[in-house]
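**Q** Task: produce atomic coordinates for the following.
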Amino acid sequence: MGSIEKFLWFLYKCFAFYTLVVYALILWIPFDGWVAGFMMMSFPIVILVHVISLPVWFVVKKQKALLPLALILLGGIFLDRTYAFGNSRSGDEHDSAGSFRVLSYNTQVFMRNAGTSDDVRKEQVREMKNWIAENGDVLCMPEFYDEGRAMFKTTKYFESRGFRHSVRYEHAPIRWGQYVGLALFSKYPIVSSQDTIFEAQNGMIRADLKIGKDTVRIIALHLYSMTLDLNKLAHQKKVDGVVKEGRVTLSRMKFGFKKRSQEIKALQAWAEDSPYPVIVCGDFNEIPYGYVYGKMRKSFANAFEDKGSGFGFSFGKLPYFIRIDHQFYDSDKLELLDFQTHRNVKYSDHYPVTASYRFGSAKKSE
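**A** Here you go, the predicted structure:
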């Protein structure tokens, strides 16, 4: 029994070393390779393993429980990325003088591919468009969809609701009057704009908005999607099927890490070149411990971390418990008033997130 315990303790110490490497990568993000990407993404699993190990080693030998306890406590340095302790809000922050509200919502092509009858879908699409129009002054919508049918005349609908200024991919293929991709709508004038397509629906849109006497640069984005089908993997009944789907999943994740590490270079160039305060919003397809998130966090504040509540999970399908829709902002020039993840809005496979801002630094007003 003693030899088994020694072997398991050796394995656990190796895992403890791996944990320290993961922590270091998340803190300093020195590498952008896919290996580092996998390691950083494993952070939640790493913490879970230590939480489970703590009572086990406590029963085996109390002194050995100090190692998992120390690693869990050390992992607390990432708590602000993980959980927000119910930042107080009065509920009308976005209505305060000089404020504007930014909504980011992957609309999943407005349920175009939903397996429901036209009558049911028409009502859902109508409700979805209405909710979006009522909850933002600036709308950043990955997987936006527009076509000639009344149900999907989304551009005309938002224009009729006061969003008279918009930007879409200029060179995106439009067939039969249809558009699929990222879109940005604004109630405020757009003084300049630029777009770039990374691949298919993925890319970025930059719009400089004139709000009163001030100007803000909004960068809406949809970073590389790995199109993982975890439901298919979870429902495999044979080992061969699990292995095959597992390889496909890992391959797509590997490619995704590589693509997003390239895409952030273009994003950083747009942000650093801005003469105005910057807000970056959209579907990052990356959790808070990844390379892109870490890079953004070095230059900008994260709205969820500053004013969010709970875990802020923004994805409604497997693996469910992840936050991949983010808003970053220039805290030296903008004051964040409010941030919400609307988990009660379930039209898409993502949940919408909204944040209210006004010009001026919260740091200076404190």
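
**Q** give the contact list for Phe313.
**A** Contacts for Phe313 (C-beta atoms under 8 Å, 6 or more residues apart in numbering) come out as 320-323, 341, 343, 351. All C-beta spots, glycine's among them, are computed from the backbone N, C-alpha and C.

**Q** any chance of those residues in TSV, with secondary structure too?
**A** TSV is the format used below for the contacts of Phe313 (DSSP: H, G, I helix; E, B strand; the rest coil):
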residue	secondary structure
Tyr320	coil
Phe321	coil
Ile322	coil
Arg323	coil
Thr341	strand
Arg343	coil
Tyr351	coil
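
**Q** Quick one: these as TSV, columns for neighbour count and pLDDT too.
**A** Listed next are the contacts of Phe313 as TSV, based on neighbours: other C-beta atoms under 10 Å; pLDDT from 0 to 100:
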residue	neighbour count	pLDDT
Tyr320	9	86
Phe321	10	91
Ile322	19	93
Arg323	22	96
Thr341	21	97
Arg343	15	96
Tyr351	22	97
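
**Q** Following the chain onward from the lowest-mean-pLDDT helix or strand in the chain, which element is next?
**A** Least confident helix or strand of the chain, by mean pLDDT, DSSP states H and E, is helix 230-234 with a mean of 50. Using DSSP states H and E, the next helix or strand after helix 230-234 towards the C-terminus is helix 239-272.

**Q** which helices and strands sit right next to that next one?
**A** For helix 239-272, the elements it packs on are helix 34-41, strand 190-199, strand 202-211, strand 214-222, helix 230-234, strand 278-283, helix 291-299, judged by 3 or more C-beta pairs under 8 Å, 6 or more residues apart in numbering; DSSP states H and E.

**Q** Go again with 7 Å.
**A** Packing partners of helix 239-272 (3 or more C-beta pairs under 7 Å, 6 or more residues apart in numbering; DSSP states H and E): helix 34-41, strand 202-211, strand 214-222, helix 230-234, strand 278-283, helix 291-299.

**Q** Buried residues, the first one. List them.
**A** The reference is to helix 34-41. Within helix 34-41, the residues scored as buried using 16 or more other C-beta atoms under 10 Å are 34, 36-37, 39-41.

**Q** Put the alpha carbons of it into PDB.
**A** What follows is helix 34-41, C-alpha atoms only, in PDB (Å, rounded to 0.1, in the frame of the first residue of the first chain):
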ATOM      1  CA  TRP A  34      -1.100  25.900 -29.500                       C
ATOM      2  CA  VAL A  35       0.700  23.900 -26.800                       C
ATOM      3  CA  ALA A  36       0.500  26.900 -24.500                       C
ATOM      4  CA  GLY A  37      -3.100  27.500 -25.600                       C
ATOM      5  CA  PHE A  38      -4.100  24.000 -24.500                       C
ATOM      6  CA  MET A  39      -2.300  24.400 -21.200                       C
ATOM      7  CA  MET A  40      -3.900  27.700 -20.400                       C
ATOM      8  CA  MET A  41      -7.300  26.500 -21.400                       C
END
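
**Q** So, low pLDDT: which residues of the stretch 201-350 of the chain?
**A** 226-246, 248-249 (pLDDT under 70).

**Q** brain fart, the stretch 51-200 of the chain
**A** Within the stretch 51-200 of the chain, the stretches with pLDDT under 70 are 88-95, 114-117, 172-177, 200.

**Q** Where do the helices of the stretch 51-200 of the chain begin and end?
**A** Secondary structure of the stretch 51-200 of the chain (DSSP state H, counting those that start in this stretch): helices at 66-74, 79-82, 118-134, 154-160.

**Q** Other residues contacting the shortest one?
**A** Outside of helix 79-82, the residues that reach it under the criterion C-beta atoms under 7 Å, 6 or more residues apart in numbering are 288-289, 305, 311.

**Q** I'd like the helices of the stretch 51-200 of the chain written out as a markdown table, with distance to Ala269 added.
**A** As requested, those are exported to a markdown table (distance: least, C-beta to C-beta, whole Å):
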| stretch | distance to Ala269 |
| --- | --- |
| helix 66-74 | 35 |
| helix 79-82 | 25 |
| helix 118-134 | 30 |
| helix 154-160 | 29 |
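
**Q** among those, which is nearest Phe100?
**A** Checking the helices of the stretch 51-200 of the chain against Phe100 by C-beta to C-beta gives helix 118-134 as the closest, at 14.6 Å.
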